[in-house]
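Undergrad: Task: produce atomic coordinates for the following.
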Amino acid sequence: MLPVTTTSCPECEHGPISSPVLGRRDFIRVLSSSAAAVAVGGVAGLSPLARARAARAEKQAAAEALVFELFGTMDADQKKKLVLPWDHGANGGKSLPARLMTHNGPAGKESVIGVGYDKKQVELLNRIFHSIANGEEGYRRLSRNGRFDNSGDFESIGALIYGEPAAGKKFSLVFSGHHLTIRCDGNSEEQTAFGGPLYYGHSPSGYASTNVFNYQTKAVNEVFGVLDEAQRKVAVMPGRWRDGVDTVKLPGKGATVPGLSFADMTKDQKALVEKVMKDLVAPYRKEDGDEVMEIIKANGGMEKIGLAFYQEGKTSEKEPWTYWRLEGPGFVWSFRALPHIHTFVNISSKIG
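TA: I've put the predicted structure just below:
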């Protein structure tokens, strides 16, 4: 067992950050209802979003089955410490449930994988983490080259279960570490990408080649480089980085978002933004990325998305922006490059 360690990130704002998602959909029910729909009308009888969700649920079966297996190996003492009620922390609906928080370290000392779980369970958890990444390259990026940033290794991040991983039940397995929050939830959160808000980052500057997400900075900077003077006047603005529910609200259907609208870009510029979207979702399962795009379509399409470049502190010709945000109905992808990468993501197709 590893000792409990505390991650360090001087520039980070400490404490959990969060953003709400709505509703639920049980994993088993999705599989059975999707199968029934296909039997009656075939795949063509489903909406694009429903097809994406059915494919995602089917592909996720292996990952969620591993969560079921993990839960089955836990003794009573572990379940008392590491399995929390589905609505834990909700305070009768007045507060955000703990399962939807994002974290910059393990959510409590007992949740540290090398402390709270035995060797076989650690192996299961590692397989689950691999299964929600897009192959070995996706795992390399999400694990920050296997070091999990300042967490140091896989056993030093945390894992908590909310709900009950069993047929007909809602559950969410939440991994959290330094610059990391990611979930495996069997589609228990309805109409929501990734099972809830994501948080990812890496300690080197986002402009540095040593940052595993540098390719995302490059893709975004390519968009910045092709904006003309008039477009930059709309897209570039001062700002102060924040992430979380209090300062990065999930826009509603009629919301006006800051920055340059995708609809006002040239064909070539749109193609670059679409490439950025592909690069952003690349570390995650293809089915998760497909669902993100289908949710965007369901909420009005890319034409409803705006992009803004924010300049906070010192910038330069080589490092022209501090953070960048794609934002639209039911969609926030907020990406900070300086002084290092922090990214907050929240995507839902159930919006007001």
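Undergrad: Low-confidence bits of the stretch 101-250 of the chain, can you list those?
TA: Within the stretch 101-250 of the chain, the ranges that satisfy pLDDT under 70 run 244-247.
Undergrad: Going by residue numbers, what spans are helices in it?
TA: Ranges of helices within the stretch 101-250 of the chain are 113-116, 119-131, 135-142, 214-225, 229-235, based on DSSP state H, counting those that start in this stretch.
Undergrad: can you give me the angle the fourth one makes with helix 135-142?
TA: What separates the directions of helix 214-225 and helix 135-142 is an angle of 80 degrees, with axes from the mean of the first three to the mean of the last three Cα atoms, to 10 degrees.
Undergrad: Who are the packing partners of helix 214-225?
TA: When contacts are defined as 3 or more Cβ pairs under 8 Å, 6 or more residues apart in numbering; DSSP states H and E, helix 214-225 packs onto helix 267-281, strand 331-336. The way it works is simple: take the backbone N, C-alpha and C, and place the C-beta from them, glycine included.
Undergrad: do the same with the longest one
TA: With contacts defined as 3+ Cβ pairs under 8 Å, 6+ apart, helix 119-131 has these neighbours: helix 48-73, helix 113-116, helix 135-142, strand 171-177, strand 180-184.
Undergrad: Between those, which one is closest to Pro320.
TA: Closest of the helices and strands packed on helix 119-131 to Pro320 is helix 135-142, at 23.9 Å (criterion: Cβ to Cβ).
Undergrad: So which bits of that closest one are buried?
TA: Gly138, Tyr139, Arg141, Leu142 (16 or more other Cβ atoms under 10 Å).
Undergrad: Present these as a markdown table; the columns should include distance to Phe71.
TA: Shown next, in a markdown table, are those (distance: Cβ to Cβ, whole Å):
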| residue | distance to Phe71 |
| --- | --- |
| Gly138 | 25 |
| Tyr139 | 23 |
| Arg141 | 28 |
| Leu142 | 23 |
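Undergrad: Greatest separation within the residues you listed: which pair is it?
TA: Tyr139 and Arg141 (7.4 Å).
Undergrad: one step back: quick one, which of the helices and strands packed on helix 214-225 is nearest to Phe213?
TA: Ranking those by proximity to Phe213 (Cβ to Cβ) places strand 331-336 first, at 8.3 Å.
Undergrad: Export the helix or strand that comes right after the closest one to CSV, keeping only CA atoms.
TA: Of the helices and strands lying after strand 331-336 in sequence (DSSP states H and E), the nearest is strand 341-347. The C-alpha trace of strand 341-347 is given here as CSV (Å, rounded to 0.1, in the frame of the first residue of the first chain):
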residue,chain,number,x,y,z
ILE,A,341,-3.2,23.5,-18.7
HIS,A,342,-6.5,23.4,-16.8
THR,A,343,-9.6,22.3,-18.7
PHE,A,344,-13.2,22.3,-17.5
VAL,A,345,-15.9,20.5,-19.6
ASN,A,346,-19.6,20.2,-19.2
ILE,A,347,-22.0,19.0,-21.9
